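[1] please work out how this folds:
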Amino acid sequence: MRKSHESSEDYLETILTLKKELGHVRSIDIAQKMNFSKPSISRAMGLLREKGCIIVDKDGYIELTAEGLEIANRVYNRHLVLTNFLCYLGVDEETADEDACRMEHYLSDQSFEKINELAKKLMDSK
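    Residues are numbered from 1 along each chain as shown. I've put the predicted structure just below:
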């Protein structure tokens, strides 16, 4: 169950970042970005559509719903904060990015907020 939740969040975050990069998002863009097969992406998009997180228009363009955008922004923010914090600690950027991607899904809100507060203090004093 938890893996499905993590996977959904990764898809939503990817849709958000692709929208920022490309201005539009299609399944093929997600498949290329995540290095997944088109059938895997189609299945995932169907599940996200059922959950009310995305809308797919008649031309195949994918948009986040308000709920999907809220989740995507939360995960994306966590990813950025954790990546920057790990880099600040001396972790190389690639490793920090990979670790942040795993951590962003499992940290409680309380733990994340404490890390975020500490990161702000440390980086502001730099």
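
[2] the strands in this structure, which residues?
    With strands called from DSSP state E, the chain shows them at 54-56, 62-64.

[3] in CSV, list the ones you listed along with distance to E13.
    Every C-beta, even on glycine, is put in place using the N, C-alpha and C of the backbone. As requested, the strands of the chain are exported to CSV (distance: least, CB to CB, whole Å):
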stretch, distance to E13
strand 54-56, 12
strand 62-64, 10
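
[4] list the helices and strands the longest helix seen in the chain packs on?
    The longest helix of the chain (DSSP state H) is helix 66-88. In this structure, helix 66-88 makes packing contacts with helix 2-22, helix 93-106, helix 109-124, judged by 3 or more CB pairs under 8 Å, 6 or more residues apart in numbering; DSSP states H and E.

[5] quick one: closest of those to E70.
    Across the helices and strands packed on helix 66-88, E70 has its closest neighbour in helix 2-22 (9.3 Å, CB to CB).
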